[in-house]
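S.K.: this one's sequence-less:
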């Protein structure tokens, strides 16, 4: 009788440890997610994503995770604040690639793994929505400049354009009779804004991979600009010579400018931007209205980018 | 027309009071949840928006009483005053939530809002127009004002239109919900234009033949 020999497994078939571990984490958080559905803190895809703390932080209380992941504007999943968390369970953030092209020497399509391999750090930023509410959020990510360096922008590149994925079958806001915006969602930055050290591509929040409702698997964060500049679920980044279109600006040019820098002195036509409501105060009387700061409190870092510009005209 | 089983008369007054009680429930529940920190996200805005949307619902319900009677033959006139007053109470609460909880008594900011932002101007105009209607919603005023009461209460049409417009203009993107209210208010107002010819024709159709002929001749 021949002795039993275990079958040989081709090394190509062995599941990489990272995937195996993240599957475990996925199962663990999914179980947690199912339990948490009733409390509105759904974050089915989120897996642990440890990263060292960076130097950027804010001396203010963090907005509770349930609010950061439960109160969102992500119109691809619906226009209500709770819609993104409620309607994004079917969205598949992996596998994922981000195409970086346009005026660059080395255009490339990056797999998510490559981006997650960049040096990640946690940064605590203020987030000010154009709707006059705000949060304090611990993002995990890397400077956009690190990605731009890899593709080597050409001398005539002056702007960076971003595009969100279009998946009507997974994003209910992208199908149906009433669609709030034209898709894909687009955003843009000037190249010097894009290369600014504060500008990051975020792949995580609260020490976990981004939940779908926060823009999984990768999104932009520019803390001195209104939140709508923080384009989510990015599939393409292009360098251009001319100013790229941005979705809200196309939709209502008198309400949303290209720059969208947080500015308490320039009102939105339908509401004042002088003050903001900090989310997560707990109840009516804990909710606190506070003064909005120029450039959302990042004036020391970024005001120089706009030296000599009329910020009322370039809102 | 099919008719609902008529509510016995002895329950009429109780059913009106029940409507007031039920109608105030959404505000009471939301206030309790908000005050105890159980409204998620932005509790003040949640509360403010809930009060506004219920105000609009009650305005629509108030204007629906007449077409329901004309088209379905169901007479719910006894509920109209309660519906109108509930709309008024919700508009007042909506304003108070904005004034006390949202702007926290920042009067200069509120005045600037009313002066500069058309959707807030329109909303405030709606609230102001509701005040004389609420004040004259009692039987004494109805008797006293006679036909002028009817004239005055036609303001309800403008108020409902202002409400739907205020809602649509307050959002970043007009969606299904805003379109629904605009369509509802528009059809309820349009009904006022066509109801007289409609009722006339209906009377002629149901009247005995000879008289119908006479009516046509007239």
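M.R.: Everything's here; your move. Just so we're clear, the structure is a prediction, and the values are computed from it rather than from any experiment.

S.K.: So residue A:62 sits against residue A:139, correct?
M.R.: No: with contact defined as Cβ atoms under 8 Å, residue A:62 does not reach residue A:139; the gap is 11.2 Å. In this view, the C-beta of every residue, glycine as well, is placed from N, C-alpha and C.

S.K.: Pull up the overlap in contacts between those two.
M.R.: Residues touching both residue A:62 and residue A:139 comprise residue A:124, with contact defined as Cβ atoms under 8 Å, 6 or more residues apart in numbering or on different chains.

S.K.: More neighbours: these two, which one.
M.R.: Set side by side, residue A:62 and residue A:139 show more neighbours around residue A:139, with 28 against 15, by other Cβ atoms under 10 Å in any protein chain shown.

S.K.: Specify the beta-bridge partners of that one.
M.R.: Taking DSSP bridges, one finds residue A:123, residue A:205 as the beta-bridge partners of residue A:139.

S.K.: Check whether it really touches residue A:205, as I assumed.
M.R.: Yes: under the criterion of Cβ under 8 Å, residue A:139 makes contact with residue A:205 at 5.7 Å.

S.K.: part of a strand, is residue A:162?
M.R.: Yes: when the secondary structure is assigned by DSSP: H, G, I helix; E, B strand; the rest coil, residue A:162 falls within a strand.

S.K.: For it, name its beta-bridge partners.
M.R.: residue A:187, residue A:237.

S.K.: check contacts around it.
M.R.: A:186-189, A:220, A:231, A:234, A:236-237, A:244.

S.K.: change it to 6 Å
M.R.: When the contact criterion is Cβ atoms under 6 Å, 6 or more residues apart in numbering or on different chains, the partners of residue A:162 are A:187, A:231, A:234, A:237.

S.K.: how about the nearest residue to the second one, chain neighbours excluded?
M.R.: The shortest distance from residue A:231 to any residue other than its chain neighbours is 4.0 Å, reached at residue A:187 (Cβ to Cβ, 6 or more residues apart in numbering or on different chains).

S.K.: Give me the secondary structure label for residue A:276.
M.R.: Classification of residue A:276 into helix, strand or coil gives strand, according to three-state DSSP.

S.K.: hang on, isn't it packed against residue A:129?
M.R.: No: the pair residue A:276 and residue A:129 fails to qualify as a contact (Cβ atoms under 6 Å) at a distance of 8.1 Å.

S.K.: hang on, the earlier thing: what's the burial count for the residue nearest to residue A:231?
M.R.: 26.

S.K.: and the gap between it and residue A:97?
M.R.: Distance check for residue A:187 against residue A:97: by Cβ to Cβ, to the nearest Å, it reads 19 Å.

S.K.: Chain B against chain A: which residues are in contact?
M.R.: Proximity of chain B to chain A (Cβ under 6 Å from any Cβ of the partner chain) is limited to residues B:34-35, B:37, B:40-44, B:101, B:104, B:117, B:173, B:175-176.

S.K.: sorry, back to before: who's more crowded, residue A:276 and residue A:129?
M.R.: residue A:276 (24 against 20).

S.K.: Run through the residues that contact that one.
M.R.: If you count contacts by Cβ under 6 Å, 6+ apart, residue A:276 has them with A:132, A:134, A:292.

S.K.: cutoff 10 Å now
M.R.: Contacts for residue A:276 (Cβ atoms under 10 Å, 6 or more residues apart in numbering or on different chains) come out as A:126, A:128-129, A:131-135, A:262, A:264, A:288-293, A:296.
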